[in-house]
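# Give me the fold of what follows.
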Amino acid sequence: MARPTAGLLQDLRRLIAETRQDVAREVNSALALLYWRTGRRIREDILDEKRAQYGEQIVATLSQQLSAEFGPGWSRYNLARMIRFAEELEGTLPIFRLPGIRQPAAISLSLEG
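Coordinates of the predicted model:
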């Protein structure tokens, strides 16, 4: 059996490692965007409907429903963290890494003056 040259093997290893990093970066960016949008949407519903006193109950119910459908990552604790994430970014426009463009995973631009 012929053996690949050291250069070929090294290049393929580098390509595989770079692709793995790119995939992980894309997944992280997509999850950050999902968590921000989830927190923002829950927060909008609770605040716009003036249902803040029921917020904990709403989060608990959503947690049960989402966990049943999508798994354990949707606990009350995690949903509360998503809401907090959205609160921290209020008044900003989050920009997450776009596919194929090398840039930081998440930055924000102020929407104020």
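
# just checking, what's the longest helix in the protein?
helix 6-48 (DSSP state H).

# What is that helix packed up against?
If contacts are counted by 3 or more CB pairs under 8 Å, 6 or more residues apart in numbering; DSSP states H and E, helix 6-48 sits against helix 55-70, helix 76-88, strand 92-96. All C-beta spots, glycine's among them, are computed from the backbone N, C-alpha and C.

# Looking at these, which is nearest to Ile16?
In terms of CB to CB, the element of the helices and strands packed on helix 6-48 nearest to Ile16 is strand 92-96, at 24.8 Å.

# still on that earlier bit, between the longest helix of the chain and helix 55-70, how big is the angle?
Angle, helix 6-48 to helix 55-70, by axes from the mean of the first three to the mean of the last three CA atoms, to 10 degrees: 140 degrees.

# Helix 6-48 vs helix 76-88, what angle?
Using the same axes, to 10 degrees: helix 6-48 against helix 76-88 is 80 degrees.
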